[in-house]
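Peer 1: fold the following, please.
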Amino acid sequence: GRAEEAKAAFRAALAEDPACEEAAEAIAQAEAGPGGIEEELRDRITALVFKLGGAEREQATNDLRQIGARSVPFLEEGLRTADVGIVTGCACILADLPATGARAGLARALADPKVAFPDIVRRATGNIPVTGKEVDRPGRYALLREALRLEEPARGMVLQAVLRMGIQKEPAAEVGPLLLALLREADDTSRAVLLNANPGEASAAILPAAAGYLSSADPAVRAAALTACGYAKKQTPESIAALRRVLDAGEPVERSRAFLLLVREDTLAREERIALVNRFLAEGEPDVLKWVLDWVGGDVGRGLPGHWDPGYAPGLLAGMRRALEAGAEAPERVAVFVRAMHEGLRDLGEEDLLDLARRCSALGSKETNGILDTTLRQVFSRHQAEKDPGMLGRVFLLGLDRLRGQALHSWVTLWGSRHALLPGSALVAFGEIREDVYLRSFAWSWLLARETQTWPPFTPALHASLGEDLLHETNAHLAGQAQQVARFRPDPSLSAPVRALLARTQAKAPKEQTLHLLIACAGREARDDVAAFVREFDDLPMLRILVNLVGKEAIPEIRAFLAAHPESDSALDLLIQVAGRDAAPEIRARLEVKENNGLLDQLFGLLGGEALPDARRYLGRYGNSLARNLVVRMAGVDAVPDLLAACLARPQSSEWWILGPRWSNPPEPGDLGVPPEVAVAYFEACPEERRTPRLLQQVSFVLPAEKRNAYVNGYLSDPRPDMAAAAAWVVRRFNMVEYWPRLLPLLDNADEKVRIEAREALDSIRKYRELKESFERYGMEGSKKALDDAAALAKDPDP
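Peer 2: Down below sits the predicted model:
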């Protein structure tokens, strides 16, 4: 009777498959007139249904889906055939065909005993569209009603399939009454399935029934009822009362779920929620407590947020203490408490936190460290927020006072580098804990990590702890730390332990370090220890330290060192520094065996003229310029015999004993190392064979004119060429004009040097005479050259 719909369906089939002759023929017949079209359409659809069991099933399925609602009666009838392929194809199409009556056809088939393969129909319900996309809601609801009448396990399978995505997107006005009716009809098993399905907006209508089922005898129904209560956006007074009854008498899991429903936002007033949470924080059932603490503190690993409220602090504290009273029997309970404490710490006082840590110490390091670490995190957070510099010190000292054993060790260890924030007074109190070596090691290391100028003043008790650690035999690291601290904070009270440490130390290097520490602590009282070290190791630097400590009182130790090391210049210098004139015997003894100008000079500085015999002996033994100078300075002309003896005993040139520090050829005027009278006396006393040209040249500057003339007159005819040349040099140097006749023979001397000196002397005399005559003739009006030459000659010392 609906020709237009039939034509539209066939046109759709033809569009899908232009080669489909049946669809084209049906359209042609329909357009030709109404006669026989309905019958033809039924035949065509029936033929397509029967093709579902053959090779053309895929094309037939597509055609039937295109036909849509018009094919539903034929598909439903196909469910009652004896062909498995046809039944399967029809059931699958009806399960998800977007057409009115499709799901209703499945529902009728479920209840029809004529259906030969009911299991195929039941399995097809798994293809039903998800909620919100259903166009056959009455059929879907009919399926639910028929499913309740099935036997298990078919009933459960169909219910699960129909409700697999819930019915939360269907109209609440339809779903609510339907579910309530189904719940009344269903047994406990089906009721649990129905309650677990999310009814969406209809959850408020279902809530009263769900609350009633919270008291069911069937655990599955109670669990499903809790789920149904959870679907509701807001609880009613009746449901809240029912949930409270579950809290009191339910199984642990049920109580946990009821708790989570009641603490939802806006379910209870804040005061009621705080009372409820605090009650359950003291819960004795571990499973329930874990749920409660997970809700309070959250669980980052599972992505659970925390819901901390400052009002929970008393309950958290009481629950934690109760858990700790169970001791080692319930460490897992303590662990979940510790996790919750990350949220609750900010509302617990430091004393309460440390009290918890103290109680935890019996459980083992893991739980204790968890609480202590959480405590410190909160303390540092408060410190940053409140900017209270004294708070850290108070908390640290509180921990030292309250904690014991491993808990105290963990407390200290967890501070880490943040110990730098502690005030100095806290470190002092820390170091005074004499009964715990482990802690003192931290105290010393914390001190050493700071600039020494920032260290707090040490108390006697702290020095006592330091003294004990200096002598610690089993912990070398601790003893080393104590020594470092003591070097920066020496004290007389440390003298005894440092001396004991020194006595048991054998190697030189550590013993020397310890001795330095003893000196810093004991001062002069360390004299005997220093002296013993010097004797044991022949240590000169330590001998100097002894001198700095006791001054002249160290002279015996210095002399003992010198006796053991007679060649030590440093030790002798040290003795001279301390003993002064009293060191003369040691100086003389050293000068007898070793040339040492500096030592001779020191002896002269100490004794003055009394050192003349020593200088003469030194000159005779070593013959150096310092001894010459000292002897000449003290003896004057009387030193000539000593000089001459030294000269004759050594190969040096004779002029060496009177010349000054410069050594030029020819000598500079006045370049003498001795007074003129000493030089003249030395020259005259010097044997002829030891006189040298340089000696003659140098002494000529200080010889009286008569003696100089006499010596020049004699040496001009000396057979030794070098002496004759030296005499000619003296004639030229002093413009001895009257000697020019004596120079003439030297011009023919076989020695070239003599000839050169004679010629230069004659040239100088001639020039001198010319200048003199020019000056006498022209006076101040002479030539510029004459004036310049005269000025040069005016510098001549000869008058």
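Peer 1: CA atoms for contacts and neighbours, from now on please.
Peer 2: Fine.
Peer 1: longest helix in this protein, by number of residues?
Peer 2: Once the chain is assigned using DSSP state H, the helix that runs over the most residues is helix 752-778.
Peer 1: and that helix, what's buried?
Peer 2: In terms of neighbour count (16 or more other Cα atoms under 10 Å), helix 752-778 has its buried residues at 754-762, 764-765, 768, 771, 774-775.
Peer 1: quick one: mean pLDDT for it?
Peer 2: Along helix 752-778, the predicted local confidence has a mean pLDDT of 84.
Peer 1: now for it, which elements pack on it?
Peer 2: Helices and strands touching helix 752-778, as assessed by 3 or more Cα pairs under 8 Å, 6 or more residues apart in numbering; DSSP states H and E, comprise helix 721-734, helix 740-743, helix 784-794.
Peer 1: one more pass at 7 Å, please.
Peer 2: For helix 752-778, the contact count by 3 or more Cα pairs under 7 Å, 6 or more residues apart in numbering; DSSP states H and E identifies helix 721-734 as packing neighbours.
Peer 1: tell me the angle of the helix it packs on relative to helix 752-778?
Peer 2: Direction vectors for helix 721-734 and helix 752-778, defined by axes from the mean of the first three to the mean of the last three Cα atoms, to 10 degrees, enclose an angle of 10 degrees.
Peer 1: hang on, Pro423 packs against Gly393?
Peer 2: Yes: checked against Cα atoms under 7 Å, the pair Pro423 and Gly393 is within contact range at 5.9 Å.
Peer 1: residue ranges of the helices in the stretch 251-400 of the chain, please?
Peer 2: Chain-ordered helices for the stretch 251-400 of the chain, with DSSP state H, counting those that start in this stretch as the definition, fall at 252-262, 270-281, 286-297, 313-325, 331-344, 350-360, 365-386, 389-402.
Peer 1: quick one: average confidence on the last one?
Peer 2: Mean per-residue pLDDT for helix 389-402: 76.
Peer 1: could you dump that helix to CSV, C-alpha only?
Peer 2: Extracted C-alpha coordinates of helix 389-402, given in CSV (Å, rounded to 0.1, in the frame of the first residue of the first chain):
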residue,chain,number,x,y,z
PRO,A,389,65.4,32.6,60.0
GLY,A,390,65.1,31.1,63.4
MET,A,391,62.5,28.5,62.6
LEU,A,392,65.0,26.0,61.0
GLY,A,393,67.2,26.1,64.0
ARG,A,394,64.3,25.5,66.4
VAL,A,395,63.0,22.6,64.3
PHE,A,396,66.5,21.1,64.0
LEU,A,397,67.1,21.3,67.8
LEU,A,398,63.7,19.9,68.4
GLY,A,399,64.6,16.9,66.3
LEU,A,400,67.9,16.4,68.2
ASP,A,401,65.9,16.5,71.4
ARG,A,402,63.0,14.2,70.4
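Peer 1: show me which positions of stretch 251-264 end up buried.
Peer 2: Along stretch 251-264, these residues count as buried under the neighbour rule (16+ other Cα under 10 Å): 252, 254-259, 261-263.
Peer 1: before we move on, what SS does the closest residue to Leu183 other than its chain neighbours have?
Peer 2: Spatial nearest neighbour of Leu183, excluding adjacent residues (Cα to Cα, 6 or more residues apart in numbering): Arg191 at 5.6 Å. Secondary structure for Arg191, judged by DSSP: H, G, I helix; E, B strand; the rest coil, is helix.
Peer 1: ok, Arg191 to His565 distance?
Peer 2: Separation of Arg191 from His565 (Cα to Cα, to the nearest Å) stands at 111 Å.
Peer 1: okay, those two: which has more neighbours?
Peer 2: Set side by side, Arg191 and His565 show more neighbours around Arg191, with 21 against 13, by other Cα atoms under 10 Å.
Peer 1: check the more buried one and give its pLDDT.
Peer 2: Listed pLDDT for Arg191 reads 85.
Peer 1: quick one: name whatever helix or strand follows the helix or strand that contains Ala210.
Peer 2: Secondary-structure assignment from DSSP states H and E places Ala210 in helix 203-212. Remark: after helix 203-212, the chain's next helix or strand is helix 219-231, criterion DSSP H and E.
Peer 1: what sits against Arg766?
Peer 2: Contacts of Arg766 were listed using Cα atoms under 7 Å, 6 or more residues apart in numbering, and none were found.
Peer 1: can you start the count at 58 instead of 1 from here on
Peer 2: Yep, numbering from 58; the last one is Arg823 now.
Peer 1: count of residues packed around the nearest residue to Leu558 once chain neighbours are set aside?
Peer 2: Counting by Cα to Cα, 6+ apart, Leu528 is the residue found nearest to Leu558 once chain neighbours are left out, at 6.1 Å. Residue neighbour count, defined by other Cα under 10 Å, stands at 22 for Leu528.
Peer 1: repeat that for Ala738.
Peer 2: Here the number of neighbours of Ala738 (other Cα under 10 Å) works out to 17.
Peer 1: you'd agree it is in a helix?
Peer 2: Yes: Ala738: assigned to a helix according to three-state DSSP.
Peer 1: quick one: low-confidence parts of the stretch 358-507 of the chain?
Peer 2: Low-confidence segments of the stretch 358-507 of the chain, defined by pLDDT under 70, are located at 358, 383-405, 407, 410, 414-425, 427-428, 439-444, 446, 491.
Peer 1: in the stretch 508-657 of the chain, which spans are helices?
Peer 2: Taking DSSP H, counting those that start in this stretch as the criterion, the stretch 508-657 of the chain carries its helices at 517-527, 533-545, 552-560, 565-579, 584-594, 597-607, 612-621, 626-636, 641-650, 654-664.
Peer 1: turn these into CSV, including mean neighbour count.
Peer 2: Written out in CSV, the entries for these read as follows (neighbours: other Cα atoms under 10 Å):
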stretch, mean neighbour count
helix 517-527, 20
helix 533-545, 19
helix 552-560, 18
helix 565-579, 19
helix 584-594, 16
helix 597-607, 18
helix 612-621, 17
helix 626-636, 18
helix 641-650, 16
helix 654-664, 17
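Peer 1: closest one to Glu408 among those helices?
Peer 2: Nearest to Glu408, of all the helices of the stretch 508-657 of the chain, is helix 517-527, at 25.9 Å by Cα to Cα.
Peer 1: which elements pack onto the closest one?
Peer 2: Going by 3+ Cα pairs under 7 Å, 6+ apart, helix 517-527 lies up against helix 481-488, helix 533-545.
Peer 1: using PDB, list the CA coordinates for the longest one.
Peer 2: When you say that, I think you mean helix 533-545. What follows is helix 533-545 as a C-alpha-only set of coordinates in PDB (Å, rounded to 0.1, in the frame of the first residue of the first chain):
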ATOM      1  CA  ALA A 533      89.700   7.600  60.900                       C
ATOM      2  CA  HIS A 534      87.400   9.900  58.900                       C
ATOM      3  CA  LEU A 535      85.900  11.300  62.100                       C
ATOM      4  CA  ALA A 536      89.400  11.800  63.700                       C
ATOM      5  CA  GLY A 537      90.500  13.600  60.500                       C
ATOM      6  CA  GLN A 538      87.500  15.900  60.600                       C
ATOM      7  CA  ALA A 539      88.200  16.600  64.200                       C
ATOM      8  CA  GLN A 540      91.800  17.600  63.500                       C
ATOM      9  CA  GLN A 541      90.700  19.900  60.700                       C
ATOM     10  CA  VAL A 542      88.200  21.600  63.000                       C
ATOM     11  CA  ALA A 543      90.700  21.900  65.900                       C
ATOM     12  CA  ARG A 544      93.200  23.600  63.600                       C
ATOM     13  CA  PHE A 545      90.600  26.400  63.100                       C
END
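Peer 1: contacting residues around the residue nearest to Leu558?
Peer 2: If you count contacts by Cα under 7 Å, 6+ apart, Leu528 has them with 536, 554, 558.
Peer 1: for Lys609, see how far away it is.
Peer 2: Counting by Cα to Cα - Leu528 and Lys609 are separated by 34 Å.
Peer 1: what does Pro343 give?
Peer 2: As for Pro343, its distance to Lys609 is 82 Å (criterion: Cα to Cα).
Peer 1: and Val689, by the same measure?
Peer 2: From Val689 over to Lys609 the distance is 34 Å, taken as Cα to Cα.
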